[in-house]
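Colleague: Here you go, sequence then predicted model.
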Amino acid sequence: MKILIAYYSKTGTTKKLAEILSDKLDADIEELEDKKKRSGILGWILGGRDGMRKIPTEIGKIKHDLSKYDLVIIGGPLWGFNSVAPAARTFLTQNISKIKKVAFFMTRGGGKPSTAALVDLKDISSGKAVDDTLDLRESELNSVISREKIEAFIQLLKKIK
Ligand SMILES: Cc1cc2nc3c(=O)[nH]c(=O)nc-3n(C[C@H](O)[C@H](O)[C@H](O)COP(=O)(O)O)c2cc1C
């Protein structure tokens with residue numbers, strides 16, 4: 001199965017997870033670029049607002065041909081309690097017609113996994129989303145819990161035909 005991992009990461013946590021998944025699944029990798037300036041406190045505040053309101057953003061040109069992949073795994077950080085960061089959400093909305101199957105992973109700073117964010121992603125996936133998702137708190141990334149969660153996610157994805 002040919003797999004592409006497309007991810008957005010502002011501070012490197014989702015990037016680290018994307019690289020682990022790409023290594024273990026022998027998948028190609030596409031880093032998504034958010035063209036909107038999101039530095040400093042204002043960037044954080046407006047980023048949270050854009051996440052919460054699900055405001056799309058401008059993303060950089062995609063390098064891979066999405067139609068060549070059996071599965072695209074999209075990852076990003078949780079922003080604004082109920083959404084993945086705008087670059088990952090925008091990538092999905094703009095490209096779902098070219099994607100055969102899609103899965104999701106998300107990282108977050110604290111709290112509980114955001115069911116709302118995952119439901120939102122599935123809602124815009126035109127029935128192409130697989131049920132299995134991976135959600136990690138950033139502080140868990142190097143822990144045994146995370147290794148187990150990552151391994152379980154990988155095993156589930158490997159069963160997809
Ligand atoms: C603009 C912004 C909004 C965020 N909102 C949330 C949030 O609602 N809940 C949460 O648990 N973490 C939130 N975070 C923290 C990130 O989800 C978390 O640090 C994530 O692992 C960072 O991933 P990255 O390093 O790949 O960017 C937010 C971070 C930013 C920059």
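Modeller: Received it, and whenever you're ready, just let me know what you need. Numbering: from 1, shown residues only.

Colleague: which bits of this protein sit near the ligand?
Modeller: Residues of the chain found near the ligand (C-beta under 6 Å from any ligand atom) are 9-15, 44, 47-48, 51, 77-81, 107-111, 138. No exception for glycine: its C-beta is placed from N, CA and C like everyone else's.

Colleague: Just the buried ones from the residues you listed?
Modeller: Buried members of the residues of the chain next to the ligand, counted by 16 or more other C-beta atoms under 10 Å: 9-10, 13-15, 47, 51, 77-80, 107-108, 138.

Colleague: all helices for the chain, in order.
Modeller: In order along the chain, the chain carries the following helices (DSSP state H): 13-25, 40-53, 86-95, 115-123, 144-158.

Colleague: With respect to burial, which of the ones you listed scores highest?
Modeller: The highest mean neighbour count among the helices of the chain, using mean count of other C-beta atoms under 10 Å, belongs to helix 86-95: a mean of 22.

Colleague: same for that one, what does it pack against?
Modeller: Contacts defined by 3 or more C-beta pairs under 8 Å, 6 or more residues apart in numbering; DSSP states H and E place helix 86-95 against strand 3-7, helix 40-53, strand 71-79, helix 115-123.

Colleague: Could you say which one of these comes nearest to Pro86?
Modeller: Proximity to Pro86 (C-beta to C-beta) singles out helix 40-53 among the helices and strands packed on helix 86-95, at 5.0 Å.

Colleague: now the helices of the chain in TSV, with mean pLDDT and distance to Lys68?
Modeller: As requested, those are exported to TSV (pLDDT from 0 to 100; distance: least, C-beta to C-beta, whole Å):
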stretch	mean pLDDT	distance to Lys68
helix 13-25	97	16
helix 40-53	97	30
helix 86-95	98	13
helix 115-123	96	22
helix 144-158	94	18
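
Colleague: could I get those as TSV with distance to Ala103?
Modeller: Listed next are these as TSV, based on distance: least, C-beta to C-beta, whole Å:
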stretch	distance to Ala103
helix 13-25	10
helix 40-53	20
helix 86-95	11
helix 115-123	10
helix 144-158	6
